[in-house]
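Asks: Requesting a structural model of the entry that follows:
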Amino acid sequence: MFLLAGGGTGGHFFPALALGRFLKEKGHEVTLVASSRGPERSVRTELPVLHLEARPFSLSPKGFFEFLLSAYRSYRKLEQAVPGAEAVVSFGGYASTAASLYALKKGIPLFLHEQNAVPSRSSRLFRRFARVTFVAFERAKSFFPEAVRVGLPLRKEAKKRYAKKEARRLLGLPEEATVVLVLGGSQGALFLNELTLKLARHLPFTFLLVTGRSHYERFRKAPPSVKALPFLEETGLLYSAADVAVSRAGAGACAELSYHGVPTLFIPYPYAVYDHQYHNAKELELLGGALVLRQQEATPKKVLKALETLLSDRSLYSERIKRFCDGKADERMYAYLTAEGGL
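Replies: This is a model prediction of the structure:
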């Protein structure tokens, strides 16, 4: 049985879920390990999920003590609930520490998947114990030369493609409009929500704004040119409807936008650990499929100019952004898991 751990944000949990479904289709037992604090609490899945009361790492004395205590309690819960795992795949996030410790204590194979261009603290800590370290971004190999770049596992909801006309009909969008998709990550982004309202006052575009659940009530009564949604698990529908996108640069958003070939202006979250969102976005910009603006530079005027640039040669940007993600990460990982894990 595989234990797949990742939670705290959708960026950690969704790749674990995607790989878990692939492994189940191959006939393997799978249990997902997630945080009880993150957005994964509301995700519907057919796989068993163990939610742990895990806390993020902190350097403050109180925060570090709470992290250690939660890691110990999570490990004990994990040991009691899943005594017979044969391998652990850790995707990072709050819940992954306990699962990685479980693998070391049990002497079973540990595999890591680092989603971002700049590795997390947990990946740096456990990489020396891993059979294989997988990465999604080429830049991550400058930190982990031994790593294997496989891409990011994508959920079926993210990979599903619709005809543009059908996607717009289902979402209630004008068929002939220029549609700008605005994504703030699994929890939304207040800055991007407010920026969208500013842009909508002056631009002849239709905006498809995913506000995040916590921000939806504030933005649901947007101008007529803005279609606001709190969240949508069927993300393939969003990408299929869009001409271009404005997005944060979490690993999941980068991979899904790439898979669907949506030219994107990335405005990375400025407070991400190790500034990893900026480096995620730059890798897609270097491929020629995206543009990047720092948040402090992202004035309506500069955002409009970037969108016009993307739309002026949309087909070329679309083809180039597709180079980052082909949607076959789960297949590549499975080959290593069965060979190196002996399963």
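Asks: okay but H12 is in contact with V89, surely?
Replies: No - judged on CB atoms under 8 Å, H12 makes no contact with V89 at a distance of 11.8 Å. Yep, even glycine has a C-beta here, placed from its N, CA and C like the rest.
Asks: per the record, what domains does this protein have?
Replies: Split into domains by automatic domain parsing, the chain comes to 2-154+327-341, 157-321.
Asks: Quick check: closest non-adjacent residue to L257.
Replies: Take L257 and drop its neighbours on the chain: the residue closest to it by CB to CB, 6 or more residues apart in numbering is T264, 5.0 Å away.
Asks: In this structure that neighbour contacts A245, no?
Replies: Yes - between T264 and A245 there is a contact under CB under 8 Å: 4.4 Å.
Asks: which residues do these two both contact?
Replies: Residues touching both T264 and A245 by CB atoms under 8 Å, 6 or more residues apart in numbering: L257.
Asks: Just the mean pLDDT for stretch 191-199, thanks.
Replies: Mean pLDDT, computed over stretch 191-199, is 93.
Asks: Excluding its own residues, what touches that stretch? List them.
Replies: Residues lying outside stretch 191-199 but in contact with it, judged by CB under 8 Å, 6+ apart, are 180, 182-184, 205, 207, 209, 211-212, 215, 218-219, 222-223, 226, 246-248, 267, 295, 298, 300, 303-304.
Asks: mind putting the domains of the chain in a markdown table, mean neighbour count included?
Replies: Below are these laid out as a markdown table (neighbours: other CB atoms under 10 Å):
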| stretch | mean neighbour count |
| --- | --- |
| domain 2-154+327-341 | 20 |
| domain 157-321 | 19 |
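Asks: ok, of these, where does mean pLDDT dip lowest?
Replies: Lowest mean pLDDT of the domains of the chain: domain 2-154+327-341, a mean of 85.
Asks: ok, the residue nearest to the spatial centre of the chain - contacts?
Replies: The chain has G252 as the residue nearest its centroid, 2.4 Å off, counting by CA atoms, centre = their mean. Going by CB under 8 Å, 6+ apart, G252 touches 10-11, 14-15, 115, 152, 158, 185-186.
Asks: I'd like to know how far it sits from T299.
Replies: According to CB to CB, to the nearest Å, G252 and T299 sit 27 Å apart.
Asks: And for A255?
Replies: Between A255 and T299 the computed distance is 28 Å (CB to CB).
Asks: close enough to count as contact, L208 and S240?
Replies: No - using CB under 8 Å, L208 makes no contact with S240, being 10.9 Å away.
Asks: which residues in the chain form helices?
Replies: Secondary structure of the chain (DSSP state H): helices at 10-25, 61-81, 96-106, 121-126, 156-159, 164-171, 190-200, 216-219, 235-241, 251-259, 276-286, 300-312, 314-321, 329-341.
Asks: Please produce CSV containing these, extended by distance to V135.
Replies: Formatted as CSV, the helices of the chain follow (distance: least, CB to CB, whole Å):
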stretch, distance to V135
helix 10-25, 12
helix 61-81, 24
helix 96-106, 15
helix 121-126, 9
helix 156-159, 19
helix 164-171, 31
helix 190-200, 27
helix 216-219, 34
helix 235-241, 22
helix 251-259, 10
helix 276-286, 11
helix 300-312, 27
helix 314-321, 19
helix 329-341, 10
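Asks: Work out the gap between stretch 204-221 and the centre of the chain.
Replies: 20 Å (CA atoms, centre = their mean, to the nearest Å).
Asks: Contacts for it next, please.
Replies: Outside stretch 204-221, the residues that touch it by CB under 8 Å, 6+ apart are 171, 173-174, 177-190, 192-193, 196-197, 199-200, 222, 225-232, 238, 241-242, 307.
Asks: Put the alpha carbons of that stretch into CSV.
Replies: The C-alpha trace of stretch 204-221 is given here as CSV (Å, rounded to 0.1, in the frame of the first residue of the first chain):
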residue,chain,number,x,y,z
PRO,A,204,-13.6,45.6,-23.1
PHE,A,205,-12.8,42.1,-21.8
THR,A,206,-14.8,39.6,-19.9
PHE,A,207,-13.2,38.5,-16.7
LEU,A,208,-13.6,35.0,-15.2
LEU,A,209,-12.5,35.7,-11.6
VAL,A,210,-11.9,32.8,-9.1
THR,A,211,-12.0,34.8,-5.9
GLY,A,212,-11.3,32.0,-3.3
ARG,A,213,-14.0,31.0,-0.9
SER,A,214,-13.0,33.5,1.8
HIS,A,215,-13.2,36.4,-0.6
TYR,A,216,-16.3,35.5,-2.6
GLU,A,217,-19.0,37.4,-0.7
ARG,A,218,-17.0,40.6,-1.1
PHE,A,219,-16.6,40.2,-4.8
ARG,A,220,-19.7,38.3,-6.0
LYS,A,221,-21.6,41.5,-6.9
